[in-house]
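Engineer: Here is my input, please return the structure:
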Amino acid sequence: QVQLVESGGGLVQAGGSLRLSCAASGRTFSDCTITWFRQAPGKERELVAGSGWSGSMNYADSVLGRFTISRDNAKNTVYLQMNSLKPEDTAVYYCAARLRGRAKYEYWGQGTQVTVSS
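Structural biologist: Presented below is the predicted three-dimensional model:
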C-alpha cells in the first residue's frame, strides 16, 4: 500500500508560480514512479509530469519548460514546481504511484485544486 497526500494548490494570477508537493508513505518510495496528472472540468485526465524510480523524468509538451518535477527520496516527497502559469493550467492536480514492475498507477492522492486567473 502507498498513501499519497498532495498539497500546495491555490489561486494564482497568470504568470505566477506554485509548488505542489506529493508526500508518500506506506511503501518503499524509491521503488515507485510518481506522476502528476491533472483534470480540468469537462476534460479528460492528462499526464503532466513523471518521476521514475530510475531517475527518469518526463513532461507533457504543454508544460515543458515551465514545470519542473523533482523528488526527495529522503523525505518521500515529489514536487512539481509550476512557473509561468496560464489559465489553461487550471485543474485538479493528482499525484499517482506506480510500483516498480507494475503497469498501472494503483495509488492516487485526493487531488489539489490549482486555479490560474487571467
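Engineer: quick one: what helix or strand has G42 in it?
Structural biologist: Under the criterion DSSP states H and E, no helix or strand holds G42.
Engineer: what's around it, how many residues?
Structural biologist: 5 (other CB atoms under 10 Å). Where C-beta positions appear, they are placed from N, C-alpha and C, glycine not excepted.
Engineer: and the residue nearest the centre of the chain, what is it in contact with?
Structural biologist: Nearest to the mean C-alpha position of the chain, counting by CA atoms, centre = their mean, stands W36 at 2.6 Å. Shown in contact with W36 (CB atoms under 8 Å, 6 or more residues apart in numbering): 20, 22, 47-50, 69, 78, 80, 93-96.
Engineer: Buried subset of those, written for ChimeraX?
Structural biologist: Buried residues within the contacts of W36, by 16 or more other CB atoms under 10 Å, are selected in ChimeraX with:
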select :20,22,48,49,50,69,78,80,93,94,95,96
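Engineer: Export the contacts of W36 as JSON lines, with columns for pLDDT.
Structural biologist: Shown next, in JSON lines, are the contacts of W36 (pLDDT from 0 to 100):
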{"residue": "L20", "pLDDT": "98"}
{"residue": "C22", "pLDDT": "97"}
{"residue": "L47", "pLDDT": "98"}
{"residue": "V48", "pLDDT": "98"}
{"residue": "A49", "pLDDT": "98"}
{"residue": "G50", "pLDDT": "97"}
{"residue": "I69", "pLDDT": "98"}
{"residue": "V78", "pLDDT": "97"}
{"residue": "L80", "pLDDT": "98"}
{"residue": "Y93", "pLDDT": "98"}
{"residue": "Y94", "pLDDT": "98"}
{"residue": "C95", "pLDDT": "97"}
{"residue": "A96", "pLDDT": "97"}
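Engineer: From the contacts of W36, pick the one nearest S62.
Structural biologist: Among those, V48 lies closest to S62 (CB to CB), at 8.3 Å.
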